[in-house]
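A.B. asks: based on what follows, work out the 3D shape:
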Amino acid sequence: MAKSDRTVPSRVSPFQTLTRALRRSARLAISASLAGLALTAHPLAAAPNQGATVSEQVFAVGFNKIADVYLEAVSFDRLGVDGLKGLTAIDPAVKIERANTTVRLYVSGALAAEYGAPSAGDSAGWAILTTRIIDRARLYSPTLAQATPERVYQVVFDGVTADLDGYSRYTGVQRATSERAQREGYGGIGVSLDIYSGRVTVRDIVPRSPADRAGLRDGDQLFAIDNALTARMSESDMRDRLRGPTGTQVTVTVARDGGTPRRLPIRRERVVPNTVSVSVADHIGLLKLERFNATTASNLRDSVAAMRQGPGGRALRGLILDLRGNPGGLLDQAVAVADLFIRRGRIISTEGRHPDSRQRFDASPDDIADGLPMVVLVDGRSASSAEVVAAALQDTGRAVVVGASSYGKGSVQTVTRLPNDGELFLTWSRIHTPAGYTLHRQGVQPTVCTSRPGQNDSAALLTELRDGRNRPSQIANWRIKAVDDEQALTRLRESCPWKEHEPDLDLKVAKRLLGESALYQRAAALAVVNTVAER
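C.D. replies: Below is the predicted model of the structure:
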């Protein structure tokens, strides 16, 4: 899951100030050696594209962030060199070599330059060195000279983050923009588009969005945006034209059911995709969360309130929270979702190297469901924030978890927006559940497992629970050892292995549990016993 870094640098004076400060701090270590240069091994082959300068600021902010917040202390002796070695992905003729205190650049086998290496802890010095080597390499490599700065940032940061962990990564501008829109919202009208055989159809209108209020409906055909025909646009062109600064206006031309086209002026607002869907069947509320973005908790609160106030709301026998396939998202939203249902106690705690990464999150004394029995569904694709919610509800005895072992992503990433509008995700803490175990690699173990081979009958799946043959103490024992014992970890994961199976099986088991109060209470109590054993 991600923790957004809200201190996004500005494009003007703050970066100039930062760069000057970083350069001053680096001069003592490398000023003499950086001036040194370049052997004229062969004539200059090309000059970089005009206006395609690689910015030192991008590396300065990124490298400084790694040094400051990453989960473990880092050495740029390794990270810096491996980042520069990433240039080979663009031009295999470019090679970087570290020899004692010297970093050498070779192009096509010839020495193009050599520089003194900054100290291992000098992130600012390595940012300066990285930029200068890139600039020098682009003079000698036509291929590198033609590469966009964004491509260069990608390969360098890929090389750097490869030395960290599997969840730390750099995301380029285009993808970062899309991911920010999913997490935090975007300036737009609140629609998705379906394009088939040249026909552009409006889909998935966000409730209460500008498009919704303007009268757009699912299935409307979109002909034009600001009088430009959609038939002549790519999908990305259409998206970019519909989105824009909040408060600005866009005019769409649409028609419904083959009727006369009509032009609708719509003012853009901040739109956050809705990740919550709700339905009621057999007096059971089904809450499906696709991911965790900036409005997930508030949308879930509103949805549950509307469901309980609607027809049959007073007759609800329980809730099913479906987190299957949910890849996670914002940590604060996971905590807020769990807090909607837990009246007291710990939700999660986090531990890392940076002082701000060591946090405790406790529940506030309310429960929007007023104690209605709950079942949480998870599978091998339930990860990150989804695991936080499932573990908190399970460990506090508030819900029974059904399904298969979850993914096992028990870390928090802080997200830094870089000067080029790309994003750097860095792991900065590990998550510990109320029971005290880490989700990292272990995941959440369901109280009722539906994924073992040969188990496809919902009634039979509850026999073990009904007969009292569940083994919470064994699971607890494996969890305690799993941090350092690979064999215990393997046994833990294999106790409820994830595999593809009929999705309705999970729902059938959940509904049976909610239909038998005594059996549900026994399952919920097992989680509490498990929690005590963990502590």
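
A.B. asks: okay, now Gln174: neighbour count?
C.D. replies: Counted with other C-beta atoms under 10 Å, residues neighbouring Gln174 total 12. (Glycine included, C-beta is placed from N, CA and C.)

A.B. asks: name the SS class of it, please.
C.D. replies: Applying DSSP: H, G, I helix; E, B strand; the rest coil to Gln174 yields a three-state assignment of helix.

A.B. asks: ok, it to Val94 distance?
C.D. replies: 25 Å (C-beta to C-beta, to the nearest Å).

A.B. asks: doesn't Arg479 make contact with Leu492?
C.D. replies: Yes. Between Leu492 and Arg479 a contact is recorded at 6.3 Å, counting by C-beta atoms under 8 Å.

A.B. asks: which neighbours do the two share?
C.D. replies: Shared contacts of Leu492 and Arg479 (C-beta atoms under 8 Å, 6 or more residues apart in numbering): Gln442, Gln445.

A.B. asks: between those two, who's got more neighbours?
C.D. replies: Between Leu492 and Arg479, Leu492 has the larger neighbour count (other C-beta under 10 Å), namely 25 against 22.

A.B. asks: quick one: what helix or strand has that one in it?
C.D. replies: helix 486-494 (DSSP states H and E).

A.B. asks: what's the first helix or strand after that helix?
C.D. replies: Next along from helix 486-494, by DSSP H and E: helix 503-515.

A.B. asks: so which residues make contact with that following helix?
C.D. replies: Contacts of helix 503-515 (C-beta under 8 Å, 6+ apart): 282, 284, 286, 317-318, 320, 324, 373, 375, 377, 379, 400, 402-403, 448, 450, 456, 458-459, 461-462, 519-520, 523.

A.B. asks: name the nearest residue to Asp257, ignoring sequence neighbours.
C.D. replies: In this structure, Asp257 finds its nearest non-sequential neighbour in Gly219, 7.9 Å apart by C-beta to C-beta, 6 or more residues apart in numbering.

A.B. asks: counting neighbours, what do you get for that neighbour?
C.D. replies: Neighbours of Gly219 using other C-beta under 10 Å come to 11.

A.B. asks: from Ile189, how far out is it?
C.D. replies: Distance from Gly219 to Ile189, by C-beta to C-beta: 16 Å.

A.B. asks: double-check Gln442 against Arg491; I have them as touching.
C.D. replies: No. With contact defined as C-beta under 8 Å, Gln442 does not reach Arg491; the gap is 11.2 Å.

A.B. asks: who has more neighbours out of these two?
C.D. replies: Shown here are Gln442 and Arg491; by other C-beta under 10 Å, Gln442 has more neighbours (23 against 16).

A.B. asks: which SSE is that one in?
C.D. replies: Residue-wise, Gln442 maps onto no helix or strand under DSSP H and E.

A.B. asks: for it, give its distance to Gln309.
C.D. replies: Gln442 is 39 Å from Gln309, by C-beta to C-beta.

A.B. asks: ok, now Asn456?
C.D. replies: 37 Å.

A.B. asks: more crowded one of those two?
C.D. replies: Neighbour count, other C-beta under 10 Å: between Asn456 and Gln309, Asn456 has more, with 13 against 9.

A.B. asks: any idea which element that one lies in?
C.D. replies: Residue-wise, Asn456 maps onto no helix or strand under DSSP H and E.

A.B. asks: run a quick neighbour tally on the closest residue to it other than its chain neighbours.
C.D. replies: In space, not counting the residues next to it along the chain, Asn456 is nearest to Leu505; the distance is 6.2 Å by C-beta to C-beta, 6+ apart. Leu505 has 18 neighbours, counted by other C-beta under 10 Å.

A.B. asks: and the contacts of helix 503-515, which of them are buried?
C.D. replies: Buried subset of those (neighbour count, 16 or more other C-beta atoms under 10 Å): 284, 286, 318, 320, 324, 373, 375, 377, 379, 400, 402-403, 448, 450, 458, 461-462, 519-520, 523.

A.B. asks: tell me where the stretch 201-350 of the chain is predicted with low confidence.
C.D. replies: Counting by pLDDT under 70, the stretch 201-350 of the chain has no low-confidence residues at all.

A.B. asks: show me where it has its helices.
C.D. replies: 210-214, 235-242, 296-309, 331-339 (DSSP state H, counting those that start in this stretch).

A.B. asks: out of these, the one nearest Pro419 is which?
C.D. replies: helix 235-242 (21.7 Å; C-beta to C-beta).

A.B. asks: ok now that closest one, how far from the chain's centre?
C.D. replies: 24 Å (C-alpha atoms, centre = their mean, to the nearest Å).

A.B. asks: can you pull the buried residues of that helix?
C.D. replies: Quick answer for helix 235-242 (16+ other C-beta under 10 Å): Met238, Arg239, Arg241, Leu242.

A.B. asks: pick out the most distant pair among those residues.
C.D. replies: It's Arg239 and Arg241 that sit farthest apart of the buried residues of helix 235-242, by C-beta to C-beta, at 7.4 Å.

A.B. asks: hey, which helix or strand in the chain has the poorest pLDDT?
C.D. replies: helix 13-34 (a mean of 34; mean pLDDT, DSSP states H and E).

A.B. asks: so which elements touch whichever strand in the chain runs longest?
C.D. replies: As assigned by DSSP state E, the longest strand anywhere in the chain is strand 423-432. Packing partners of strand 423-432 (3 or more C-beta pairs under 8 Å, 6 or more residues apart in numbering; DSSP states H and E): helix 56-69, strand 169-171, helix 173-184, strand 346-351, strand 411-417.

A.B. asks: partner strands of whichever helix or strand comes after that strand, parallel or antiparallel?
C.D. replies: Using DSSP H and E, the helix or strand that follows strand 423-432 in sequence is strand 448-449. Here strand 448-449 is paired, per DSSP bridges, with strand 400-403 (parallel).
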